[in-house]
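1. No sequence on hand, only this structure:
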């Protein structure tokens, strides 16, 4: 077996649609969305909208186990991941093996919104309010019911098909 430094299945930039190329040039937060069940999914198409109440929006694969769990529970947790969470992000994105299941490794805090990584520096408990088809996915909207900030953490971002870190300058 050979381990590649790049994704051997990645579509060459010139073969991608202009929309996909544009999306790849926008840095996006890497978040973990989890629901009671438990089920989870790595999501980089995430937006938080301030207001009363605050909202979280995301593009979710409607065929995912995560979406099935959310439709049953009506609630979920959103956790921004950190640079130390790259393998966690890959596992929940289906890019890395998960022997024993997605939640078999690591420590998890059980919440009414779904499991949250025990080391999470930030997470929000959300209640599903709406969904509709949007491109290849579902645009999911939820009300943020609770937000927790136990420790300050640096974000993990996705840019041009790879993970990146933000540095403070």
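-> Looks like it came in fine. Since this is a predicted model, take the numbers as computed values, not measurements. Numbers count the residues shown, from 1 in each chain.
2. Quick check, pLDDT for the spatially most central residue of the chain.
-> Residue closest to the mean C-alpha point of the chain, counted by CA atoms, centre = their mean, is residue 43 at 2.6 Å. The confidence metric pLDDT takes the value 97 at residue 43.
3. Now for residue 43: which residues touch it?
-> For residue 43, the contacting residues are 31, 32, 33, 58, 59, 60, 78, by CB atoms under 8 Å, 6 or more residues apart in numbering. C-beta coordinates here come from the backbone N, C-alpha and C atoms, glycine included.
4. Neighbours of the residue lying closest to the second one once chain neighbours are set aside, how many?
-> Put plainly, it is residue 32. Leaving aside its sequence neighbours, residue 32 sits nearest to residue 79 (CB to CB, 6 or more residues apart in numbering; 4.6 Å). Residue 79 has 26 neighbouring residues, counting by other CB atoms under 10 Å.
5. Tell me where the chain is predicted with low confidence.
-> Within the chain, the stretches with pLDDT under 70 are 1-14, 16, 168-169.
6. all strands for it, in order.
-> In the chain, strands defined by DSSP state E lie at 28-29, 31-35, 39-43, 46-49, 55-60, 75-80, 108-109, 116-117, 123-134, 137-148, 156-159, 162-165, listed in chain order.
7. what comes up buried for the fourth one?
-> It refers to strand 46-49. For strand 46-49, a neighbour-count test (16 or more other CB atoms under 10 Å) marks 46, 48 as buried.
8. Which elements pack onto that strand?
-> Under the contact criterion of 3 or more CB pairs under 8 Å, 6 or more residues apart in numbering; DSSP states H and E, strand 46-49 touches strand 55-60.
9. Have a look at this structure and report its longest helix.
-> helix 65-73 (DSSP state H).
10. tell me which strands and helices that one is in contact with?
-> Contacts defined by 3+ CB pairs under 8 Å, 6+ apart place helix 65-73 against strand 31-35, strand 39-43, strand 55-60, strand 75-80, strand 137-148.
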